[in-house]
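Asker: Give me a model of this one.
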Amino acid sequence: VFHLRKGVKFQNLAPVNGREVAADDVIYSYNRQREQGRPNAGQLASVAGISAPDKYTIRISLKQPNPDFLIDLTDGHNQVVPRETVELTGDLKNGPNIGSGPWILEKFEKGGATFYKRNPDYFQQPLPYVDRVEAYNNFSDSTSKIAAFRTGKLDVLEGLGPQDRDSVVKANPKILVQDDLRPTTQILSLKQDRPPFNDVRVRQAISKAIDREQVRVAAWGGQGWMHAGVNVGGEFFLPEAELKQRYQRDLAGARKLLADAGHGSGLDFEILLGPNRPEDTTSAELLVAQLRESGINARLNVLDYPRYVQQVLTRGEFTAAAYGNYSSLPTPNAVLNGLFTTGSSRNINAIKDAALDRMIAEQGAEQDKAKRKAKVQEIQRYILDQALLPVVHANTEIAMLQPTVREWYPWLGYDHIKYAYVWFDK
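Answerer: Now for the predicted structure:
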């Protein structure tokens, strides 16, 4: 049972006009979110029903225990929206986007920039401290992003690799650097509902052909660690010693698997790449060279990053794509249900594995922390054995702040609430 804070209002925009947020809004939003095919339906998959005894009370019943439920419920992907905005056109693809948060959306450019202004009626006064937020997603490469940061157009620059970080700090030692502890996992996304990647032997051959240590040293300057490619949270990760053993390169084994799969004379396919850092390109070029040694002829097709996001991550139009499944989902249930369960709209690799679906469901209901950790780690081993998501490298996200920025912290999600706390020491 949840009790809503009284007096919280939607932003003062038509057709909602600043009315109070009520229990019916929460019920409508969560039921809409749970609909089959919604991108984040997996986060509310354990919900059996939602009711409202009164205007400020919400009762949610679950199909089974869910240790991640409170975190998933409050994640930025699960927004509470007023019914009136959806009913204008049937969806929110073209707005109006109205919520109760600190920022009012002024303008959204698909594949470009997003502009927000301060919500003067936000219930947590005096937040937000700044008047505007401008989020630019239309930089084609890291060079243009860094140029904008160096000239002061950007106050915060996220998603950097160590090479860019070092060059910027060398030019201005006063720049503030923060490592985001979430791993950025460079993986190879493979469409598994069609040849050749519906054959587990082909996927296993690719994984065996990768020299991850060479990528870590040559592309990432020795930074990074071994990772299973499933961002389930640090306490659930497989031990690095085990991963190092599993990730031993085995060219002979790779060639045999390819031959057994009918590709003894070679295998050709295209890898789409949307580099966001110089290290992404270097890693991909090393990957292609390493695969070639096992008889795999992979060709890189480099797209600018905004186009890559739309084609690969949004529409899922690819056969193979480098680094196509970074997840910002907050919990093991959200990540596993979203990226790996059959039929999930986030399952861009078209993975369909009944045994894995059962394992994911079982871990999601386990209340004992130690037992759940064991189940989540077994899932990771299964994903590795089946080579469902071959990993190339894992490294931290790096953010850079202008020297005057205060109270900015990495935040898991896309809701931009973190900027409500930012202020400038000028």
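Asker: Dump the C-alpha coordinates for stretch 154-163 into PDB.
Answerer: Presented in PDB, the C-alpha positions along stretch 154-163 are these (Å, rounded to 0.1, in the frame of the first residue of the first chain):
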ATOM      1  CA  LEU A 154      28.700  22.100 -22.300                       C
ATOM      2  CA  ASP A 155      28.900  22.100 -18.500                       C
ATOM      3  CA  VAL A 156      28.800  18.300 -18.200                       C
ATOM      4  CA  LEU A 157      30.200  15.800 -20.600                       C
ATOM      5  CA  GLU A 158      29.300  12.100 -20.200                       C
ATOM      6  CA  GLY A 159      30.200   8.900 -21.900                       C
ATOM      7  CA  LEU A 160      34.000   9.400 -22.400                       C
ATOM      8  CA  GLY A 161      36.800   6.900 -22.600                       C
ATOM      9  CA  PRO A 162      40.200   7.200 -20.900                       C
ATOM     10  CA  GLN A 163      41.800   8.600 -24.000                       C
END
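Asker: got the contact list for it?
Answerer: 136, 142, 145-146, 148-149, 168, 180, 184, 220-221, 223, 276-280, 395, 397-402, 404-405, 408, 424 (Cβ atoms under 8 Å, 6 or more residues apart in numbering). In this view, the C-beta of every residue, glycine as well, is placed from N, C-alpha and C.
Asker: what's the spacing between that stretch and its chain's center?
Answerer: 17 Å (Cα atoms, centre = their mean, to the nearest Å).
Asker: returning to what we had before: strands - which of the contacts of stretch 154-163 land there?
Answerer: Members of the contacts of stretch 154-163 lying in strands (criterion: DSSP state E): Y136, D180, T184, N395, E397, I398, A399, M400, L401, V405, F424.
Asker: For those, which ChimeraX command selects only the ones that are buried?
Answerer: This is the ChimeraX syntax for the buried subset of the ones in strands among the contacts of stretch 154-163, where burial follows 16 or more other Cβ atoms under 10 Å:
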select :136,180,184,395,397,398,399,400,401,405
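Asker: Which of the ones in strands among the contacts of stretch 154-163 sits closest to D193?
Answerer: Nearest to D193 among the ones in strands among the contacts of stretch 154-163: T184, at 26.6 Å, using Cβ to Cβ.
Asker: Which strand residues bridge the closest one?
Answerer: N395 (DSSP bridges).
Asker: coming back round to it: may I ask which two of the ones in strands among the contacts of stretch 154-163 are separated the most?
Answerer: Taking Cβ to Cβ, the two most distant members of these are N395 and F424; they sit 29.4 Å apart.
Asker: Return the residue of this protein that is most distant from the centre.
Answerer: Distance from the C-alpha centroid of the chain, by Cα atoms, centre = their mean, peaks at S265 (36.9 Å).
Asker: Poorly predicted segments of the stretch 101-250 of the chain, please.
Answerer: 111, 140, 180-183 (pLDDT under 70).
Asker: Do a quick rundown of the helices in it.
Answerer: Along the stretch 101-250 of the chain, counting by DSSP state H, counting those that start in this stretch, helices occupy 142-150, 162-171, 200-209, 212-218, 240-246.
Asker: mind listing the helices for the stretch 251-400 of the chain?
Answerer: Taking DSSP H, counting those that start in this stretch to define them, one finds helices in the stretch 251-400 of the chain at 251-260, 278-292, 305-308, 332-340, 354-365, 369-385.
Asker: which one of those is the most hemmed in?
Answerer: helix 332-340 (a mean of 25; mean count of other Cβ atoms under 10 Å).
Asker: for the nearest residue to A387 once chain neighbours are set aside, what are its contacts?
Answerer: Ranked by Cβ to Cβ, 6 or more residues apart in numbering and with sequence neighbours excluded, the top spatial neighbour of A387 is R203, at 3.6 Å. R203 is in contact with L190, Q192, F197, Q386, A387, L388, P390, counting by Cβ under 8 Å, 6+ apart.
Asker: where's the second one relative to A205, distance?
Answerer: In this case it means Q192. As judged by Cβ to Cβ, to the nearest Å, Q192 and A205 stand 14 Å apart.
Asker: Same check on Q310?
Answerer: 30 Å.
Asker: Over to A41?
Answerer: 34 Å.
Asker: Looking at those two now, which is surrounded by more residues?
Answerer: Applying other Cβ atoms under 10 Å to A41 and A205 shows that A205 carries more neighbours, namely 30 against 20.
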